[in-house]
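S.K.: Return a 3D structure for these sequence lines:
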Amino acid sequence: MRIRTAAVLASIVALPAFAQVEIQIQLPTITFNAPPPLVVVEPGVQVVEDNDEEVFFVSDYYWVRRGPRWYRTKDHRGGWVVVDGPGVPPSLVRVPAGKYRRYKHGKAVVIDTPGPGKVKVQKHKGGKHRD
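M.R.: Numbers count the residues shown, from 1 in each chain. Presented below is the predicted three-dimensional model:
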């Protein structure tokens, strides 16, 4: 009987241990009542003007960075999802964190009038970063 009890105990101890790992990701809660005003900061990259957090608009998505993670949504009212690695546009990855926080563009300046009814402007002349 002792041998059988010892064998049962040994088999229980030898069973692999299963650990539960719980990973929680806090999704952004950024929402706008209406599509927010956007400013072009480089070709194909826009940022929400004068916002406490850098919210970009690239390839028909709103994007926000939290630490090393990127999140995106199609809707200005929210619905953020995590996007990893190659899913993040390279133009966003290259932007230094905080560069466009509370970004406020300057007034457009007329630099040329190429014909009747057409005005060519230089955008973001005197761009400001306000803290």
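
S.K.: going forward, measure contacts between C-alpha atoms and count neighbours the same way
M.R.: OK.

S.K.: Can you list the residue ranges for helices in the protein?
M.R.: For the chain, helices defined by DSSP state H occupy the ranges 2-14, 90-93.

S.K.: In terms of mean pLDDT, which of the ones you listed ranks lowest?
M.R.: Among those, helix 2-14 carries the lowest mean pLDDT, a mean of 58.

S.K.: which stretches of the chain have low pLDDT?
M.R.: The model of the chain has pLDDT under 70 over residues 1-18, 106-131.

S.K.: Against residue 65, how distant is residue 93?
M.R.: For residue 93, the distance to residue 65 equals 9 Å [CA to CA, to the nearest Å].

S.K.: Comparing those two, which residue is more hemmed in?
M.R.: residue 65 (20 against 13; other CA atoms under 10 Å).

S.K.: does that one really touch residue 71, like I thought?
M.R.: Yes - here residue 65 reaches residue 71: they are 6.4 Å apart, a contact under CA atoms under 8 Å.

S.K.: Spell out which residues are contacts of both of those two.
M.R.: Common contacts of residue 65 and residue 71 (CA atoms under 8 Å, 6 or more residues apart in numbering): none found.

S.K.: Now do the strands for this structure: every range, in order, please.
M.R.: Ranges of strands in the chain, per DSSP state E, are 38-42, 45-48, 55-58, 61-66, 69-73, 81-83, 103-104, 109-115, 118-122, 128-129.

S.K.: Would you mind pulling up the elements that the second one packs against?
M.R.: What it means is strand 45-48. Here strand 45-48 is seen to pack against strand 38-42, strand 55-58 when contacts are counted using 3 or more CA pairs under 8 Å, 6 or more residues apart in numbering; DSSP states H and E.

S.K.: No more questions from me, cheers.
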